[in-house]
Every structure is written in structure tokens, then in C-alpha cells.
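Trainee: predicted model and sequence follow; I will ask about them next.
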Amino acid sequence: MPITVTDYLDVVSSWCFWSEPTWAELKRRYQGRVEFQWKIALMDSTGLPTSREQEEWFYRRSGMMMRSPFMLNTDWYDARLPEWLAPNSVTDDRIRLALARAAMREGKKVGDWNVAANIGAEAGGIDAEKLLERARSQAIENRVRASTAEFRSLQITQRPAFVIDTEIGDRAVFSGVLKLEPLAATLDSMLDDTAAYAAHKAHFGDPPAR
């Protein structure tokens, strides 16, 4: 694919939860023309609330901004945890959505490895013990840490972050942007540019050697 969109997210980020309809629509609209992938970007003390009361305040704000008919549930939150490694390790595309919903709609304690594994196993139709063993492996933690480091190297702070790269070297970064329109407009523009480059190459070939 000439264009790749990478969604950097944390499974228990409410802003990432609210972004899912946009992500789904982008994949539907640009299927076959754009490659889509997501990576974990763990939140740390700079992005996590410090109390249940603060989390509720954030949920009220984001819920109002999204015109949501429901408020997210804070029962899952534990201020003692410096990061949420368990739900971000027990995950694939189906499982991460199930975990996000279990936490923020149902208040389930997904910071507990066993709780996260059981939710993931049910969503993925796989064995909970095997899923837990894999999730707690060093290989998975290394992958999560590496993608988080990638996110930090972009020198942005908001999740989700949508990073759009083209084969002609263009890049657009949206940090904390949830609305479909600016993302779609950027993809349309980049697709047009890559098509123009392809047409030029068909007529003139590669540039002369220096």
C-alpha cells in the first residue's frame, strides 16, 4: 500500500475509546487503498489521572465533548498503578475492544492480569491460561515497551495518535484528534499526491543519477 496509518493507543484511554468509530470508518472507507495498523503507547504519570475523582472529571468532559448519551464507568480505576500493562498486553484487535468496553462501560478491574486474561479469552475464543502466559511473556512486554518508545520519539503526548506515512516520504501526525473529517481530508490529499507521483514516474521514470 502507498499509505500506512498507524494508531498509537492505550487500551484504557477514554479518548482512545471514543476514537473507535472514527477508526472503524477510516478502515471501511479506505479499504484496499490504505494499510491500517495499531500499536500500544502506554500512558504514564503524565497522562494518567491521580484519583477516581479526577478520572470522573475527565470522563464528564470527554463525554460532553463527544455528545455521549452515557458516562464512562470509573470503577475499574486504581490510582496505585503507575501504568496499565495487563490490558495492553492481553490483546489483539477483538480483545482490546472487549477490554476497553469491560473497563470503561462495565467497570471491570482490567488492571488485574487474571481479569484481563479471562475477558480476552472470552472475546477471542481462546484458552485463558495460554493467553495469560503469552501476555506475561518478556517478548510481549518488550514489544509494548518498544511501541511506547516509538510514540514518545514523535514528541507528542496525546493518545490516540494517528500517524500517516506515504511511500513518497510524506508524514502527517494527529495527536488527540478524533474527528473523521481532518483525517479523511489528509488521506484524500495524500492519495492524490501518490497517484500524481506514480503518473510522473510512468512518463519520466526515475530521476537522473547525480
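Mentor: Right, received. Where do you want to start?

Trainee: list the contacts of E167.
Mentor: P2, I3, T194 (C-beta atoms under 8 Å, 6 or more residues apart in numbering). Yep, even glycine has a C-beta here, placed from its N, CA and C like the rest.

Trainee: what is the burial count for the first one?
Mentor: Translated: P2. P2 is flanked by 17 other residues according to other C-beta atoms under 10 Å.

Trainee: same question, the last one
Mentor: Counted with other C-beta under 10 Å, the neighbours of T194 add up to 18.

Trainee: hmm, R33 and I3 touching each other?
Mentor: Yes. Using C-beta atoms under 8 Å, I3 makes contact with R33 at a distance of 7.4 Å.

Trainee: show me where the protein has strands.
Mentor: Along the chain, the stretches classed as strands by DSSP state E are 3-9, 35-40, 161-166, 171-175.

Trainee: so which of I3 and R33 has more stuff around it?
Mentor: Between I3 and R33, counting by other C-beta under 10 Å, I3 is the more crowded of the two (22 against 12).

Trainee: what's across from F36 in the sheet?
Mentor: V5 (DSSP bridges).

Trainee: how near is it to F162?
Mentor: From F36 over to F162 the distance is 10 Å, taken as C-beta to C-beta, to the nearest Å.

Trainee: anything in contact with each of these two?
Mentor: With C-beta under 8 Å, 6+ apart, F36 and F162 have common neighbours V5, D7.

Trainee: and the two? which has more neighbours close in?
Mentor: A count of neighbours by other C-beta under 10 Å puts F162 above the other of F36 and F162, at 26 against 16.

Trainee: OK, contacts around that one?
Mentor: With C-beta under 8 Å, 6+ apart, F162 has these contacts: V5, T6, D7, Y8, V173, F174, V177, L183.

Trainee: let me know the pLDDT of it.
Mentor: Per-residue confidence (pLDDT) for F162: 98.

Trainee: for this structure, just list every one of the helices.
Mentor: Per DSSP state H, the chain carries helices over the ranges 14-29, 52-65, 85-89, 93-104, 113-124, 128-135, 138-153, 180-204.

Trainee: just for this structure, where's the confidence low?
Mentor: Applying pLDDT under 70 to the chain picks out residues 1.

Trainee: repeat the analysis, applying 80 as the threshold.
Mentor: Residue ranges of the chain with pLDDT under 80: 1, 197, 200, 210.

Trainee: residue contacts, A103?
Mentor: By C-beta under 8 Å, 6+ apart, the residues touching A103 are V11, V12, N73, W76, P87, V110.

Trainee: for F70, same thing?
Mentor: G63, R105.

Trainee: where's it relative to M104, distance?
Mentor: Distance from F70 to M104, by C-beta to C-beta: 10 Å.

Trainee: what does D10 give?
Mentor: Going from D10 to M104 by C-beta to C-beta gives 12 Å.

Trainee: also F36?
Mentor: According to C-beta to C-beta, F36 and M104 sit 23 Å apart.

Trainee: what's the burial count for the nearest residue to D10 once chain neighbours are set aside?
Mentor: Leaving out its chain neighbours, the residue that sits closest to D10 by C-beta to C-beta, 6 or more residues apart in numbering is M43, at 4.7 Å. Look at M43: counted by other C-beta under 10 Å, it has 21 neighbours.
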